[in-house]
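A.B. asks: okay, predicted coordinates and the sequence, questions at the end:
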Amino acid sequence: MRFAFSDEQDELRRAVRRAVEARGGARAAREVVDAGGDHDAALWRTLAHDLGLAGLIAPEAHGGAGLGWVEVVAVQQELGAALAATPWFATVALAGAALRVAADDAQAAALWPALARGARTATLAPGAGVAARATPRGVTLAGVARHVVDGHTAGLLIIEAHDDAGEPALFAVDGDAPGVRRRRLPTMDRTRALAEVTLDEVEVPARARLARAGRAGRAAIDHALALARIALAAEQLGAAQRCLDLSVDYAKVRHQFGRPIGSFQAIQHACAELFVLVESARSAVYFAGWSADHAPDTLADVSAATAAYCGDASYRCAADTIQLHGGIGFTWEHDAHLYFKRARASRALLGAPDAHRDAIAARLGLGADHVAREGAT
Amino acid sequence: MRFAFSDEQDELRRAVRRAVEARGGARAAREVVDAGGDHDAALWRTLAHDLGLAGLIAPEAHGGAGLGWVEVVAVQQELGAALAATPWFATVALAGAALRVAADDAQAAALWPALARGARTATLAPGAGVAARATPRGVTLAGVARHVVDGHTAGLLIIEAHDDAGEPALFAVDGDAPGVRRRRLPTMDRTRALAEVTLDEVEVPARARLARAGRAGRAAIDHALALARIALAAEQLGAAQRCLDLSVDYAKVRHQFGRPIGSFQAIQHACAELFVLVESARSAVYFAGWSADHAPDTLADVSAATAAYCGDASYRCAADTIQLHGGIGFTWEHDAHLYFKRARASRALLGAPDAHRDAIAARLGLGADHVAREGAT
Amino acid sequence: MDLRFSAEDDAFRATVRAWLDAQLGGEFRHLRGKGGPGHEHEHVEGRLAWERALGAAGWVGLGWPKAAGGRGLPLLHQVIFHEEYARAHGPGRIGHIGENLLAPTIAAMGTEAQQRRFLPAIARGEELWCQGYSEPGAGSDLAGVQTRAELRAGHWHLTGQKIWTSHAAISDWCFVVCRTDPRSARHAGLSYLLVPMRQPGITVRPIRQLTGTAEFCEVFFDGARCPEDHVVGAPGDGWRVAMATLTFERGASTLGQQIGFAAELEAILAAARANGADRDAGLRRRLADAWIGLQVMRWNALRMLAHGARGELPREALMSKLYWATWHRALGELAMDVLGPDAEIGAEIGAEIDPEAAAGGGGAYSLTPLQETFLFSRADTIYAGSNEIQKNIIATRALGLPRGT
Amino acid sequence: MDLRFSAEDDAFRATVRAWLDAQLGGEFRHLRGKGGPGHEHEHVEGRLAWERALGAAGWVGLGWPKAAGGRGLPLLHQVIFHEEYARAHGPGRIGHIGENLLAPTIAAMGTEAQQRRFLPAIARGEELWCQGYSEPGAGSDLAGVQTRAELRAGHWHLTGQKIWTSHAAISDWCFVVCRTDPRSARHAGLSYLLVPMRQPGITVRPIRQLTGTAEFCEVFFDGARCPEDHVVGAPGDGWRVAMATLTFERGASTLGQQIGFAAELEAILAAARANGADRDAGLRRRLADAWIGLQVMRWNALRMLAHGARGELPREALMSKLYWATWHRALGELAMDVLGPDAEIGAEIGAEIDPEAAAGGGGAYSLTPLQETFLFSRADTIYAGSNEIQKNIIATRALGLPRGT
C-alpha cells in the first residue's frame, strides 16, 4: 500500500509548481484579473507546450500521455495553489473527463489530437438548459447553458442536451459553429471565467453525440462529473494549503502586544483547525484520485464525499485566512481575497456541498420513501 | 421604557432563589434523582404554600395572585438555575397556560382554586395521539399521550384531543378518572419526569372541553404552547447562566501549567461565547415574557424565536460546561451532567429548535408554494 | 418590565420623521440610501451638504451636554432619531466620527478653548473629523503606536503613519494618538493631538479593498504640525483620553444599523422566494435563523439602551460588536448560498465587460448589493476590534477572567 | 498511489479471521461486543480469560520487536488484525495498556532484566497494566505531577493520588510517573516506576461517570512500594520516558475503532429510516455528513498508516485524536436529534422503574446504546489530551507556531 504520489507523479507535481512559480504564483492570476483578461497565456504555453500537459490524460494513440486521475490531481493541486488562470481545468478536467468517459474510438480520434497538442481548448457545459431535437440531417441543439467555465473561449464545447423524453446526452460542438453565441459573465471571482453559451438552433451531425458503447446518457455524464469534481477538489486542496501557509507564515512574523500573534492560543487553534481540514482534504483527494482510476464501483460516493468535504474546507480556509490576517487580509493588494473569491465560486461549481450530501443521503437510503410518506399524511 | 424586572418582580425572583438555595440548589434535584423520586416535595411545599406561587397566575377571584408571564419568567429562571424538580412548571406554566388561554369563567372557577392553593397539581398533554368522540353523555377520549411532563403524578390532566374532522380541543381530565393509565418513562434526564398517559375510552362531560369564547381549538392550543415555551426558555436561561457561572468560577481557580486555566485564551473565548448566548437569551426571554402580557399579535413569532434561541443556547452552555471542566465535569458527582441532560431534554420538549425555525420560515412566506412547486416538477 | 415608548417619545419621533421626510423626499432625495459602510465613495459632495443641513436643523449633537452646545437629549430620543433616520434611508453619516467620538471627548476632557473652537463647527456640520488610532504595526494593539510628535517652537511636529482611517481624504481634522515621549513604551508617553488635515506634511492614500472600492485610507505624517495647545488632556495622558473616546459611543445608532440589516435580510428573503431557494429546507432554516438572530439583536439593543439611559452601560453591552459582526458576516454567506450559482454573477449581468474600464487597471468590478454585503462583511469581524479582541474584552472585563500573559 | 492490500496481507487477514471466528463463534461467544469505552464493567472475568487466550495464540505483541518476544509484524498487519478483530466484534481489550504502551516502552528503554521480567507475562495475557499519569491537579499538565516516591532501603515508597486510571481495579501493575526529587519542579525530577497494584498502601476507588457506570478509577498511594530497580530509565528521567510511551501508540487500532464507529452510524441510519427522521432534509444532510466524516477519517488513517509503515508517523498524524473525538461527539448529538423526543427514553422502555434498584441509590439508570454513545462521547474530547491540548500540539509541533507564554 502506498498512499502518496509515486516518484513520477511527484515529479509531475513539482514541474507544475516550478511553472506556476516562474510566473509569480498568484501574481499572474492577479495580473489577469486586473487586466480583465481571460487567461494567463504564458502559463498556458508552458503547461501545454513545454510540459505537454494538455495531453496528460489523452490516449497515447491520440498524442497524449495516457495518464490517469492521480496525475490530474497532482497537476490541479498546484494550479489551485497559484489560482492559475489557464484553460487546463476546463480542457482536461472537464471536457477531457467527458471524452474519457463517453467518446467512442472514432470520436476520440477526431477530438483528442488537437486538444492533446494544446492547439485547441475545450470545456464541458452540464445542466438541463439545452434541448436536442433529432432532424433528418442530424441533431438540432437549442437553449442556454450558463456558468460554463471558459465557455466564451473554448474551441470545443461538450454540451449536455436533453431530448424530448428528457434523456440527456453529450454533444461535441465547435465553439464557432453557426448559431453559437457566447459571452463572458461578470463574476466575483475573476480568476476563473464563466460564460453564458446560447445555442440558437445549432445543427450538428449525429456523430457529434458522444456514444461510447455502454457509457452514454445520464451514467456517462454522472461519471464525467464525478471525475471533474475530484479535479476541482484537488484544486481546492492546493488553494486551501496555500491559505494555511500564508496564515501560519503571517502569524509567525506579525507582532501585536509585543509578541507574534501566532503565540496567541486563539490564532493557534484557528490554524490547527485549518490544518485538520487541509490534511483531511488531502487524504480525500488522493483517495478519490486513486478511486477514479482503480475503483469505479465506489467512485460516485467517493467523489461526492470528497467534493462536499473539500468545498467546505477550502472555503473555510480562505475565509479564516482573511480573519487571521486582520485588516491587511481585507485589502485588494493582498492575495487573500483572490483565494476567498475562488473558494466561494468553486464551492458552487459542479454542485454545492449540500447537493453532494443529498446525493449521498439518497444512496444511503435516506428519505427514499419521502414522497410516498408525504403523500400518505 | 424599562427592560428589566420591576422591584416587585425582582423580589419575587429573589424569594424563589432563596427557597431553592435553602434546599441546596441542584443538590436537591440530585437527591430526587438518586432516590428515583418524582419531585422535591419540600421545595414544592415552600413554593406552593409558603410563597403562594401555585396561584401566581391564577385569577384573584379564584384564589390566585393574578400575575402574568413576566412573573412566570422570573420564577422559572430561578427554578431552572437549580434544576428544581417540582410540579410548578407543569402545573403553572403548562396547564396554567392552557387554563389562562382557553378556560371559560365556569371552568376557571371549577379548576383554578385547587391548583392555586397547591392542593392539586396539573399538566398539559399536547399532541395528536388522543381522539375525542362525541357521545350522548359527553365526550369519549381514547389514545396515548407520550412525554407528558409529570403526567403520572398530576392531579389534573389538560389533554389535547382531536375529533373525527381532525379539529383539536383541550379537555380537563381528572388524573384518576376511570380508564386513565399512566406510567413514568425512564428518562435520561431524571430531574424532570415524563410519563405516558393512556386513555382507554375515558368518558368526560361536554363541559370538560375548555371553551373560552373565541379562544378554543388550534388557536388556543398554539397560544398556550407559545406561553409554555417562553416559560421553558426562562428555565433554560437560568440553567445556562448557572452553567456559565460554574465554568467561569472553575476557570478562575483551576490551575494547569502553573496558571489558572481561565487565563488561557481558548478558555476565555469559549466563556465569552457562552456569555453572548446567555445574555442574548436573557434579552429574548424578558422580551418574550413582556410580549406574552402586552403584545399578543407578535407573540407566536416572539415565542418561537425565543424557544429556538434558548434551546440551542442552553444546550451549548451545558455541553461546553462539561468540556471546560475537563475530567471532573464528566463525573456523576459534579452537577455538570445534570444540567447537560436537562438541557438536552428541554431542547426536545415542546418542539425542537428546528421545528420553531420551520414555523418562522412559514410565517416569513418561505416555501409557501413548496408543495405546489414540488407537485409541478 | 415596560417596553413601550412614551407619548413624549412618540411626539419626538413624529418631529424627526416629518423633517426627514421633507428633506429626503425633496432637496436631498438623490442621497437616499447612499454612503455607509462599503459605500463611502458615493455622493461625497452631496453628503457634505447634507451634514450642513443636519447641523443647521439642530440634528447634530443631540446627546451632547447642553453646556457643550448640544441638546442634551436622553438616550432613547437619540435612538429614535437613528431609527427614523434609517427608516427614511438617510445617507451614510460622514460626520459620525466628529459628532459621536471626538465631540464628547472634548466636552468631557478638553479645555474650554478647545470646546469653543471645535464643537460649534461640528454641530454645524461644517468640520469633519477622522480618527488616527491604528497603525500598520499597531492594529488591535493601540499601545504599540509608533507615530511620534515632537514639541518645537509651540507646535507639535508629527512623523509616522496611520492606517484604516475612514474619510481621511475629506476630513478637516484628525485626532491622532501618538508618542510624545520618545523614551516611553506601551501605554505611557502617548498624547492625543488635534491635527489639521489640510496642510503640507500629510499625505492620504486610499486603500483599495476586496470589494474593489476604497473605504479606508492610509495617512502619512511627515512634518505635519499642530499648535501646542491642540492636545486633549495632558501630554503623555493620551492613552486615557483615547480609551475614554471609545466609551462615548453609547450605541444610540444601533437600532438604526439594525434597520439597515433588516432591509438586507428582506432582500435575501425576497431572492429566496423568487429563485425557489426557499424550497430547500436547510436554507429555509438558515433564513429563519437569520431572522431570529436579528430579533435577538434588537432585544439586546433595547435592553442595553434602556439600561444605559439610566447611567453607565451594563457589562452586557460589551458583546454587541461581536454579535452584530458575526451575524452580519453569516448573513453575507447566506445571501450567496441563497443565490446559488448566480451568486457569482456581478451587477452588469447582461452587459459585456467594459474593455476600457478593464484596461484602466483593476478591471470593471461592479458588484451587486448582496455581493457587496458578502464581501464587505468580512471586514465587520476585523475592524473596530476584531472578534478575537472582543472575546478577550468580554472574558476579562465582563467575566473577570485573569488576563493572559 | 496504490491503496490495495497485497496478497500476503490478504493471507494474513484470512488467518486472523479464521481464528477469531472460531473463538468468538465458540467458547468466547458470550463476549462478542462486550467491554470497550463506556462498557469496561462488562464481563470482566470472561475478558481476562480472553486476554490469556489471545496470548496463548500469539496475538499479543504483534508489533513488538522479535528480540523483545514479539512477532515484529509490519504495521499494516497489525492494522489488519485490528480490523478483523472489530469486524468479529471482539471484546474490549483489557490488555491494551500493557501491550501497546508499557511493553514498547520497556522494550526500548527498559533494562534487560525488566524486559525478561515483564514482557513475557504481558505477551501471555497474564499480567495487566494500568497507567498512572493524571492527577487531580495535573490533568493535561503532566509536569504538574505531585505524587512522590522516596527511596528507602532498596524500595521506592509512594505517596499521592492518580486519577482517570482505566482498569485500575483489575490491574496487576501500574506504571507511575512521580516526583522522586522533592526539590524539583515541572519536568525535572520525575521518575517512571513500575508498581505492583496488589499490595497494602494502594486504594482504588471507581469514579462514577455521567453514564452512571464507572469507567475510570482514582488510585491512592499511601506507603505503597516497589523495588528500587523497577524504574524505567534513570531516576529523574521520567518525563522523557513518559513522553516516549505516548509516541508508541502507532494507531494500528485506528481502523478497528472506525469499524465500531461505522456500526454506530449504521444504527443511527436505521433509526432514522425507521422513525421517519430521514424525511427531514436537515437530518438527512447531517447523516450524510457523518458518513462523509467517517470516510475521511478512514482515508486519513490509511494515509498515516501507509506512511507510518515506512518509519516515523508524519506530522499529519497529530490530528487523529482531535478528528475522531470531535466526529464521535457530534455523532452522539446527531443520534439524539434523530430520535427526537424519544431520545430521552431509556433502555427499559415498557417497564416501570425498578423501585428496589432506585432505592439502592443512584436510581436504575439503564441507557440505550445510542444514549451511551451520546453521553460517553462527551469524554472523548477530554481524555487522552483534550481538544484544546490537541490543538496546542498541532499548532506548535505540526505548524511550528511559537509556544504561548
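C.D. replies: Perfect, thanks for sending it.

A.B. asks: could you list the residues in contact with stretch A:67-75?
C.D. replies: Counting by C-beta atoms under 8 Å, 6 or more residues apart in numbering or on different chains, the neighbours of stretch A:67-75 from elsewhere in the structure are A:5, A:9-10, A:12-13, A:16, A:53, A:56-57, A:65, A:88, A:92-93, A:227, A:230-231, A:234, A:285-286, A:288-290, A:292-293, D:1. Every residue, glycine included, has its C-beta placed from N, CA and C.

A.B. asks: hmm, I was thinking of stretch A:168-180
C.D. replies: A:98, A:102-103, A:107, A:111, A:124, A:128, A:132, A:139, A:141, A:153-163, A:182, A:197-204, A:208-211, A:216-218, A:220-221, A:224.

A.B. asks: look at the residue of the stretch 151-300 of chain A found nearest chain C and report its pLDDT.
C.D. replies: For the stretch 151-300 of chain A, the nearest residue to chain C under the criterion C-beta to the nearest C-beta is A:P186, separated by 3.6 Å. Reading off the per-residue confidence, A:P186 sits at a pLDDT of 92.

A.B. asks: thinking it is in contact with C:G346, fair?
C.D. replies: Yes - counting by C-beta atoms under 8 Å, A:P186 sits close enough to C:G346 to count as a contact (3.6 Å).

A.B. asks: of those two, who's got more company?
C.D. replies: Here A:P186 and C:G346 are set side by side on neighbour count (other C-beta atoms under 10 Å in any protein chain shown), and the busier one is A:P186, at 25 against 18.

A.B. asks: and the gap between that one and A:A116?
C.D. replies: Distance of A:P186 to A:A116, computed by C-beta to C-beta, to the nearest Å: 32 Å.

A.B. asks: kindly report the same for A:A368.
C.D. replies: Taking C-beta to C-beta as the measure, A:A368 and A:A116 are separated by 43 Å.

A.B. asks: about what we covered before: now for A:P186 and C:G346: what residues contact both?
C.D. replies: By C-beta under 8 Å, 6+ apart, A:P186 and C:G346 have these common neighbours: C:S366.

A.B. asks: count the residues that sit near C:G400.
C.D. replies: Neighbour tally, C:G400, other C-beta under 10 Å: 12.

A.B. asks: sorry, back to before: higher neighbour count, A:A368 and A:A116?
C.D. replies: Set side by side, A:A368 and A:A116 show more neighbours around A:A116, with 27 against 14, by other C-beta under 10 Å.

A.B. asks: now do the contacts for that one.
C.D. replies: Residues near A:A116 by C-beta under 8 Å, 6+ apart: A:A54, A:G55, A:A58, A:H62, A:G63, A:G64.

A.B. asks: then A:S6?
C.D. replies: When contacts are counted by C-beta under 8 Å, 6+ apart, A:S6 is found next to D:M1.

A.B. asks: ramachandran angles for it?
C.D. replies: For A:S6, the backbone dihedrals (degrees, to the nearest 10) come out as phi -70, psi 170.

A.B. asks: cool, the one 5 residues further on as well?
C.D. replies: In this entry, A:E11 is assigned phi and psi values of phi -70, psi -40 (degrees, to the nearest 10).

A.B. asks: how near is it to B:H152?
C.D. replies: Using C-beta to C-beta, A:E11 is found at 73 Å from B:H152.

A.B. asks: in terms of neighbours, single out the busier of the two.
C.D. replies: Of the pair A:E11 and B:H152, B:H152 is the one with more neighbours under other C-beta under 10 Å, namely 19 against 12.

A.B. asks: in strands, which of the contacts of stretch A:67-75 fall?
C.D. replies: Taking DSSP state E, every one of these sits outside strands.

A.B. asks: can you show me the helices along the stretch 201-350 of chain A?
C.D. replies: Along the stretch 201-350 of chain A, the stretches classed as helices by DSSP state H, counting those that start in this stretch are A:217-253, A:265-294, A:299-325, A:336-347.
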